[in-house]
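Q: need coordinates for the following:
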Amino acid sequence: MGKKILFAWDFHGVLEKGNVYAVQELVNLVLKDFNINKEISLKETIEWYGLSWFDYFRLMTHEKDQRFLKKMVNRVLIIQQQNWETITKKHLKARDFAQEVLREILKQGHKNIILSNTQPKHIRTFAELININCYFDDIIGVDQHCKTRINKEVHKIKAETLKKFIKNKNFSKIIAIGDKESDIKAGRICGATTFLFIDEEIISEIKPSESDYVIKDLREILKIVKL
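A: Next up is the predicted model:
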């Protein structure tokens, strides 16, 4: 057998579907708790998806008091923990054909990892919840969601993390799959072949991308990459 290929997967919006609805529900619960008479729309949730909780509330309220915004962030974390069964678990599902694709990659002797902008203590639980955790050599969270500013360098953090993982490992090729340009930029820094995944159920407009491939079905990866 030839050298192994490493597939580095983003999680939210790629391997799972439905979390965007959980984020929308959580933001609206916090806005209600703070007596803010507005609701975040699905369109806004999608547009800002991947930003920190702090930035969601800053953008929704136009509030400049960081202490107040931090209280909102603390509140969303509490609600998320207390309502795991009724919010996160209710919405989070495995992406169509995710298990099929991941299983075939392993069957052909290659490797998968998750590299996600998610709290490290949560990402493994998310993977277990949708029954895909068994397909990965490592599940890595590089969380920025509780930061007090938009982190424009998240792609560099992901790239550094990926470089550490592949150091001294003899992979013949790196494949990076994500749903945002930050995922694509991180992959390109590491010399990966990049795939931008588009969820047609929530994204109507496909923006220009620097990715090598744009796909709407995870099975397309198996057709393009020669295993």
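
Q: all helices of the chain, in order?
A: Using DSSP state H, the helices assigned to the chain run over residues 19-33, 42-48, 53-61, 66-82, 89-91, 98-107, 120-129, 154-166, 181-189, 219-224.

Q: what is the rounded mean pLDDT of the shortest one?
A: Here helix 89-91 scores 91 as its mean pLDDT.

Q: also the last one?
A: Along helix 219-224, the predicted confidence averages to a pLDDT of 97.

Q: for it, the distance to its chain's centre please.
A: Between the centre of helix 219-224 and the centre of its chain there are 20 Å (Cα atoms, centre = their mean, to the nearest Å).

Q: keeping just the C-alphas, turn it into PDB.
A: Taking Å, rounded to 0.1, in the frame of the first residue of the first chain, the C-alpha atoms of helix 219-224 are listed here in PDB:
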ATOM      1  CA  ARG A 219     -19.200  11.700  -1.700                       C
ATOM      2  CA  GLU A 220     -17.700  14.000  -4.400                       C
ATOM      3  CA  ILE A 221     -14.500  13.900  -2.400                       C
ATOM      4  CA  LEU A 222     -14.100  10.100  -3.000                       C
ATOM      5  CA  LYS A 223     -14.600  10.700  -6.800                       C
ATOM      6  CA  ILE A 224     -11.900  13.400  -6.900                       C
END
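
Q: how about that helix: buried residues?
A: 220-221 (16 or more other Cβ atoms under 10 Å). In this view, the C-beta of every residue, glycine as well, is placed from N, C-alpha and C.

Q: any low-confidence regions in this structure?
A: By pLDDT under 70, the low-scoring segments of the chain are 1-2, 143-152, 204.

Q: buried residues in stretch 205-217?
A: So, applying 16+ other Cβ under 10 Å, buried residues of stretch 205-217: 211-215.

Q: how about residues contacting that stretch?
A: Applying Cβ atoms under 8 Å, 6 or more residues apart in numbering, the contact partners of stretch 205-217 are 96-97, 181, 184-185, 188, 193-200, 220-221, 224.

Q: selecting buried members of these in PyMOL, what would you type?
A: Selection of buried members from the contacts of stretch 205-217 for PyMOL, criterion 16+ other Cβ under 10 Å:
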select buried, resi 181+184+185+188+193+194+195+196+197+198+220+221
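
Q: please name every helix or strand in contact with the longest strand seen in the chain.
A: If you go by DSSP state E, the chain has its longest strand at strand 171-178. Packing partners of strand 171-178 (3 or more Cβ pairs under 8 Å, 6 or more residues apart in numbering; DSSP states H and E): strand 4-9, helix 154-166, helix 181-189, strand 193-197.

Q: go through it and flag the buried ones.
A: Using 16+ other Cβ under 10 Å as the test for burial, strand 171-178 gives 171, 174-178.

Q: same question, stretch 59-76
A: Neighbour count says stretch 59-76 has 59-61, 69, 72-73, 75-76 buried, by 16+ other Cβ under 10 Å.

Q: among those, which two are most distant?
A: Distance extremes for the buried residues of stretch 59-76: the farthest pair is Leu59 and Arg75 at 16.5 Å, using Cβ to Cβ.

Q: just give the nearest non-adjacent residue to Lys173, would you?
A: Of all residues not flanking Lys173 in the chain, Ile5 sits nearest, at 4.7 Å (Cβ to Cβ, 6 or more residues apart in numbering).
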